[in-house]
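K.L.:
pasting the structure only:
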């Protein structure tokens, strides 16, 4: 190895029961030294180890930070002025939403593929090209069946068009909902429909059912589930978050220790602002298992910043084994608590 901290980082990376699972990361790790120089690379590994950040991608982000550059090499020369004729491309695509009160024809289920009196119409290649150019290629799979249904039902052309477009809207909404659930990171796949309301645990069922109307999100209110281990606090929080995803809200689920560790590690590559922004932007933040350990001074400050910035702007759900009265001793500073 070309540095003490590089070797320590490699040992941490390849430690554990299955070291071969990280061999590709180890190979990428060595390429960073060849790309940026071994002194900068060793300094970045030292900083990553200080923050317990065993992540090769984040090490490269540390190398790119201003502090690492200034300590290991002179600043790069200023780039030549760019021509004003150059245009910067943008990948921003505004989201589209249906106007309030919009109505459409409810699409009937697709007809069965057997016992049809007429053959399924074939989609012309020219129409396929047009739909792909308009980024509507998702309409292609159900379109032949819809065309056959329109012929059989003698639908007017505009009704058929609305039906085909509604299929695409439903497909996109389902895809967006699936993506929102995936990005939320729930620890359990729990939904309102699957929740066992007959479980022998004492809680206000009517009040909890009222939460699933999601009125608290509109009012920007917060929810706390308290109780001993094993009574279903996390399951309820996940089910409530899943309902919020289905309603179109952005949701993020994190254990409290995981959230605080993420903020701590972000200081290694000066990405703290981005880490905090990722916690402040969701419509609903679910913080699971708060209060298992006493918070350090920095953790107390970080937790305070997250809660105070979200207060009355967005909603937060917290689960805890401790009553609220027991939270104050957990903080390093009682005033922050």
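P.N.:
In hand now; what should we look at? Just so you know, these numbers come straight off a predicted model, no measurement behind them. Numbers count the residues shown, from 1 in each chain.
K.L.:
And the closest residue to residue 51 other than its chain neighbours, how far from residue 65?
P.N.:
Spatially, and ignoring its direct neighbours in sequence, residue 51 is nearest to residue 268 (3.9 Å; CB to CB, 6 or more residues apart in numbering). (Glycine included, C-beta is placed from N, CA and C.) Noted for residue 268: a distance of 9 Å to residue 65, by CB to CB, to the nearest Å.
K.L.:
same thing with residue 226?
P.N.:
Using CB to CB, residue 226 is found at 41 Å from residue 65.
K.L.:
Spit out the contact partners of residue 6.
P.N.:
Counting by CB atoms under 8 Å, 6 or more residues apart in numbering, residue 6 touches 29, 33, 38, 41-42, 45.
K.L.:
Can you tell me which of those residues is closest to residue 190?
P.N.:
residue 29 (38.1 Å; CB to CB).
K.L.:
If we ignore the residues flanking it in sequence, what's nearest the closest one?
P.N.:
That would be residue 56: by CB to CB, 6+ apart, it lies 5.1 Å from residue 29.
K.L.:
same check, this time on residue 275
P.N.:
Residue 275 sits nearest to residue 266 (CB to CB, 6+ apart), 3.7 Å away.
K.L.:
I figured the one you found was touching residue 279, is that so?
P.N.:
No. Residue 266 is beyond contact range of residue 279, at 10.5 Å (criterion: CB atoms under 8 Å).
K.L.:
just checking, residue 302 is part of a helix?
P.N.:
Yes. With DSSP: H, G, I helix; E, B strand; the rest coil as the criterion, residue 302 is assigned to a helix.
K.L.:
what sits against it?
P.N.:
260, 263-264.
K.L.:
quick one, helices of the stretch 201-337 of the chain?
P.N.:
For the stretch 201-337 of the chain, the helices defined by DSSP state H, counting those that start in this stretch cover 205-211, 215-218, 233-246, 256-266, 272-280, 297-310.
K.L.:
What are the buried residues along the second one?
P.N.:
Which is helix 215-218. By neighbour count on 16 or more other CB atoms under 10 Å, the buried set for helix 215-218 is 216-217.
K.L.:
now stretch 200-217
P.N.:
So for stretch 200-217, counting by 16+ other CB under 10 Å, buried means 208, 211-212, 214, 216-217.
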